[in-house]
Each structure stands twice: as structure tokens, then as C-alpha cells.
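Participant: Provide a 3D model corresponding to the input given below.
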Amino acid sequence: MKLALLLGTVAAAAGALMATQGPGERALAALKSTPAPLRYLGYVEGETTLVAPPVSGRLVDRPVERGERIDKGHRLFVIDTTQAETEVARAAAGLAEMQARHSNLLTGKRVEEQDVVRAQRRQVEATLVAAEAELGRQSELVAKNIVSRHNYDQAFANVAELRARVAALTARERAGDLAARQPEIDAAAALIEQQQAILNRAKMQLADLMPVAPDRALVENTFFNVGEWVPAGSPVVSLLPDFRVKLRFFIPEPEVAKVRAGTRIRFNCDGCPPGLEATVTYVAPRAEYTPPIIYSHGARANLVFMVEARPDPMDQLPLQPGLPITVEALSLDAKTWAWR
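Facilitator: Numbering: from 1, shown residues only. The predicted structure is shown next:
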């Protein structure tokens with residue numbers, strides 16, 4: 001009886017209090033009693049790129065510092081390139097030699113050499129003219145029985161010899177104007193390709209000693225100073241490229257059907273401007289319990305699915321890995337936002 005009387009008294013007091021409140025105060029009290037909308041918890045994740053030389057050497061330059069933001073193509077470091085530059089120069093000289101040999105096979109003999117052959121041919125042709133005239137005289141004398149047949153035969157043989165020499169020099173002159181045989185030309189071309197490959201490899205080895213940033217990135221850390229010896233394969237610089245920064249958040253198991261690759265999301269973080277957006281790239285195929293990194297009393301025993309999203313480019317606001325985020329909205333068509 002006393003307990004019922006006490007409850008009745010409390011109810012009456014509460015009614016009296018509500019009666020004394022204005023409409024604005026009652027609306028505020030109702031708003032406070034409404035459950036807060038659900039948010040998806042997560043954090044910023046970054047995939048680091050380690051840049052290392054393929055061979056050992058002394059570090060001669062490192063123009064980047066930890067915490068610096070660099071653009072694509074920015075020089076990261078330089079390992080001693082003396083030997084690599086020598087190999088490039090040697091390969092380039094070998095390629096020039098192969099190309100010269102190939103060109104020589106295509107062009108035939110030099111003009112000066114051909115001029116010598118032509119002069120020899122004209123000299124023999126002039127001697128042939130005189131020999132043919134002598135053969136004619138000897139033929140007339142033999143017909144009149146003035147000289148013996150021996151002189152005629154000697155003049156005839158001399159003309160035949162000179163004609164053969166003229167033919168040989170003419171052929172030699174034509175051959176000098178021609179290129180080498182096709183198999184020789186093909187062999188020379190193959191040597192050029194081989195030497196070009198050697199030069200390309202030498203240039204790549206030189207470039208590996210002077211790497212540049214593959215994309216716009218944050219210099220996350222440096223591991224060697226100028227003058228130190230860097231073992232082969234040991235990272236000198238670690239980078240965090242902008243395109244490798246992603247969001248990782250977790251949604252409850254009943255809500256996973258609302259999210260798929262391509263879904264647009266809105267999120268916020270401490271100190272970030274409003275209206276930040278991202279695109280979902282991956283939804284985990286298996287559920288897990290709430291990870292400790294986003295552990296809270298309200299979500300300590302929930303089954304959740306991990307979701308990854310790529311934030312829109314934000315040159316003025318680089319997101320740091322480990323930064324907590326809250327996903328506020330989902331949109332399947334990037335136009336109509338479904339606020340949780």
C-alpha cells in the first residue's frame with residue numbers, strides 16, 4: 001500500500017512538472033529522449049611503399065625528409081653511380097660501333113675506292129682500243145702473207161686479255177656500288193638489337209640507383225643518412241602515396257546487404273570539414289566481432305563486416321593513417337543519401 005502511494009505521488013509530481021514546462025522545453029526533452037542515429041565506426045588505413053636499391057652502395061644524396069609531401073617524379077635518393085654510368089657509356093659505345101658496321105654494309109664501298117676502280121677500267125679500255133687496232137693491222141698483213149701467223153695470234157690474245165680485264169673491272173665497279181649480302185646485313189642488324197638491349201639494361205640499372213617517387217606521396221620515414229653504406233634490398237625511404245590511403249569501417253551484420261562495391265558514403269573525422277565522401281571498393285565476405293581498435297560498450301559484442309572505401313581526392317586535407325572516422329550516410333546511386 002505504501003509503495004503504491006509512493007508511485008502515485010511520483011507520477012503526480014512528474015505530471016505537474018510537465019504541465020509547468022513550455023512547448024519548447026517539452027520538445028527539447030522529447031528530442032533528448034530520442035535514440036541517437038546509428039553511425040558506422042572506422043579509421044584511416046594507409047599502405048606504405050618501401051623504396052630500396054637493388055644493389056649495395058654508398059648513399060650520396062637523399063633530397064627528401066621525413067614528413068615532407070612530394071610530387072610524382074621527385075628524386076628520393078642516389079646511390080653511388082660511378083660504376084653504373086661506366087657501364088652505360090660502354091654499352092652506348094658498343095651500340096654506335098654496331099650501327100656503323102651495319103651502315104657500312106648497306107652503303108657499299110666508299111666513293112674514293114670506286115674512283116680508283118673506274119680509273120683502272122678506263123686505262124684498260126684505252127689499252128684495248130690500241131690492241132684492237134693492232135689486231136686489225138696484223139690481220140691485213142697476214143692476209144697478204146707479209147707477216148707470220150704468230151704475230152696475228154699474239155695480237156688476238158692480247159685483245160682477248162684486255163677485254164677480260166675490262167669486264168672484270170666493270171663487274172668489280174658494280175659490286176662496289178652494291179650493299180653486302182643479305183645474310184651479313186641481317187647478322188649486323190641482330191647485333192644492333194642485342195647491343196640495344198644491353199644498353200637498356202645498363203640504363204635501368206643506373207635508374208634503379210636514382211629512384212623517383214611513383215606518385216604524389218608523403219615521406220613517412222627515412223632509414224639511412226648520406227654517406228652510409230646501404231645493403232642491397234634495404235629500404236632507404238618509405239612512402240605513403242595519396243592513392244593508397246583508404247577508409248576501413250565496420251557495419252553490423254543486418255546492414256551488410258546495403259553496401260557493395262561502388263556505394264558512395266559520407267564520413268567525418270575530428271578536425272575535418274563537413275561533406276567528405278568516398279567510394280566503397282571492398283566488402284569482406286566473412287563476419288567478425290568488433291575489432292578492438294573501434295571497441296566500445298555499445299558495440300562490443302556485435303557481428304560486423306569490414307568495408308573498405310577510397311576517399312575522393314583531397315589535396316588540401318591529407319588523411320593520416322590511424323585517424324578515427326565515422327560513416328554518416330550511404331547512397332547506392334550517389335544522389336539520394338540514406339542517413340542512418
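Participant: Domain map for the protein?
Facilitator: Here the domain assignment for the chain is 40-47+241-339, 49-80+210-239, 93-199, based on automatic domain parsing.
Participant: Just send those back as TSV, with distance to Thr86, mean pLDDT and mean neighbour count too.
Facilitator: All C-beta atoms are positioned from the backbone trio N, CA, C, and that covers glycine. Output for these, formatted as TSV (distance: least, CB to CB, whole Å; pLDDT from 0 to 100; neighbours: other CB atoms under 10 Å):
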stretch	distance to Thr86	mean pLDDT	mean neighbour count
domain 40-47+241-339	34	79	15
domain 49-80+210-239	12	94	16
domain 93-199	11	83	14
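Participant: Dump those into JSON lines; add distance to Glu87 as well.
Facilitator: Shown next, in JSON lines, are those (distance: least, CB to CB, whole Å):
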{"stretch": "domain 40-47+241-339", "distance to Glu87": "31"}
{"stretch": "domain 49-80+210-239", "distance to Glu87": "12"}
{"stretch": "domain 93-199", "distance to Glu87": "9"}
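Participant: Just say helix, strand or coil for Leu240.
Facilitator: Here Leu240 is recorded as strand under DSSP: H, G, I helix; E, B strand; the rest coil.
Participant: so Arg69 touches Asp215, yeah?
Facilitator: No. Arg69 is beyond contact range of Asp215, at 11.7 Å (criterion: CB atoms under 8 Å).
Participant: quick one: the helices in the stretch 1-150 of the chain?
Facilitator: Secondary structure of the stretch 1-150 of the chain by DSSP state H, counting those that start in this stretch: the helices cover 2-20, 23-33, 82-107, 111-143, 149-177.
Participant: My guess is Pro324 contacts Arg39. True?
Facilitator: No. The criterion here is CB under 8 Å, and Pro324 misses it with Arg39 at 11.2 Å.
Participant: ok, now which ones touch Leu76?
Facilitator: Leu76 makes contacts with Val51, Arg62, Pro63, Val64, Pro211, Val212, Ala213, Val236, Val237, Leu239, as judged by CB atoms under 8 Å, 6 or more residues apart in numbering.
Participant: out of the helices of the stretch 1-150 of the chain, which comes closest to Ile192?
Facilitator: Nearest to Ile192, of all those, is helix 82-107, at 4.7 Å by CB to CB.
Participant: re the thing from before, can you add distance to Ala157 and give the contacts of Leu76 back as JSON lines?
Facilitator: Converted to JSON lines, the contacts of Leu76 look like this (distance: CB to CB, whole Å):
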{"residue": "Val51", "distance to Ala157": "84"}
{"residue": "Arg62", "distance to Ala157": "87"}
{"residue": "Pro63", "distance to Ala157": "86"}
{"residue": "Val64", "distance to Ala157": "89"}
{"residue": "Pro211", "distance to Ala157": "80"}
{"residue": "Val212", "distance to Ala157": "80"}
{"residue": "Ala213", "distance to Ala157": "85"}
{"residue": "Val236", "distance to Ala157": "86"}
{"residue": "Val237", "distance to Ala157": "88"}
{"residue": "Leu239", "distance to Ala157": "89"}
